[in-house]
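# Below is the sequence, then the predicted model.
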Amino acid sequence: MARYTKALCRLCRREGIKLFLKGDRCLTEKCSFSRRNYIPGVHHTETHLRKLSEYGKQLREKQKAKRIYGIMERQFKRYFNIANKKVGDTGLNLLKLLETRLDNVIYRVGFAKSRIIARQLVSHGKILVNGKKVNIPSYQVKPGEVISIKEKASSLEIIKQAIEESKKKGNFPSWLQVDFEKKEVSVKSEPTRTDIAIPVQEQLIVELYSK
């Protein structure tokens, strides 16, 4: 599966908001967005002052959603096509598909400090779903499933640190139930729009793809 391999901080600067692609680093003085809060490129001043067209606004929302969840154009379009065929609001269906990705769930409950690290944990076989190894980051979790960290992997420092910090924060989506002692996550239900805390106007994405 193709993935973005260039500088991540440029993506935050291009979208004009912190996307927290590097986890805790985004909260420190080292964050490039904090030090250079302008669009990357030699013509950043001209680009910043230029008023966005309707198409431009729609495109930026799509790019923002893609970059938050770390997926490429082809896969994002596939998600939209699936969402469009489902009953109900297409925009909400799209966000639900993105939010219920296995790598995103691992990130949301704090077992990893960023979605990139969460993806690596899944790809390297460190995550179990209902007791069975799943190494596909895009796996769609379902209500009733139990996600856990492989016993041998639970001692990894990168996981231990993330879990300790997550315990202190204690802020988890209502559709997920976390058991830190067992290092398990139970999927209680599908996420609602209020559970999906990302700064994206999904209706603009629907309008873009509906043209």
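Ah, there it is.
# what ranges of this structure fall below the confidence cut-off?
1-50 (pLDDT under 70).
# Residue 66: neighbouring residues, count only.
Residues contacting residue 66 under the criterion other Cβ atoms under 10 Å number 21. No exception for glycine: its C-beta is placed from N, CA and C like everyone else's.
# mind listing what it touches?
Residues near residue 66 by Cβ atoms under 8 Å, 6 or more residues apart in numbering: 72-73, 76.
# Dead centre of this protein: give me the residue that sits there.
Centre of the chain computed as the mean C-alpha position; nearest residue by Cα atoms, centre = their mean is residue 69, 3.3 Å away.
# Quick check: it touching residue 102?
No. The criterion here is Cβ atoms under 8 Å, and residue 69 misses it with residue 102 at 11.9 Å.
# circling back to that earlier point, got a list of what the residue nearest to the centre of the chain touches?
Contacts of residue 69 were listed using Cβ under 8 Å, 6+ apart, and they are 98, 101, 104, 115.
# Closest to residue 138 out of those residues?
residue 101 (5.5 Å; Cβ to Cβ).
# now the helices for the chain?
Listed in chain order, the helices of the chain (DSSP state H) span 9-15, 32-35, 44-49, 54-69, 73-85, 90-99, 102-108, 115-123, 157-169, 202-209.
# ok, so of the contacts of residue 69, who is nearest residue 83?
The closest of those to residue 83 turns out to be residue 98 (Cβ to Cβ; 9.2 Å).
# Now that closest one. Nearest residue, chain neighbours left out?
For residue 98, ignoring the flanking residues on the chain, the nearest one in space by Cβ to Cβ, 6 or more residues apart in numbering is residue 69 at 4.9 Å.
# burial count for the residue nearest to residue 126 when sequence neighbours are not counted?
Distance criterion Cβ to Cβ, 6+ apart; nearest residue to residue 126, sequence neighbours excluded, is residue 153 at 3.9 Å. For residue 153, the neighbour count with other Cβ under 10 Å is 17.
# Can you say which of the contacts of residue 69 are buried?
Among these, those classed as buried by 16 or more other Cβ atoms under 10 Å are 98, 101, 104, 115.
# give me every residue that touches the closest residue to the second one other than its chain neighbours.
Closest residue to residue 101 in three dimensions, ignoring its sequence neighbours and counting by Cβ to Cβ, 6+ apart: residue 138, at 5.5 Å. For residue 138, the residues meeting the contact criterion (Cβ under 8 Å, 6+ apart) are 1, 71, 75, 101-103.
# Could you rerun that using 10 Å?
By Cβ atoms under 10 Å, 6 or more residues apart in numbering, the residues touching residue 138 are 1, 69, 71, 75, 78-79, 97-98, 100-104, 119, 122.
# Got a ChimeraX select line for the buried ones in the residues you listed?
Here is the ChimeraX selection string for the buried members of the contacts of residue 138, based on 16+ other Cβ under 10 Å:
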select :69,71,75,79,97,98,100,101,102,103,104,119,122
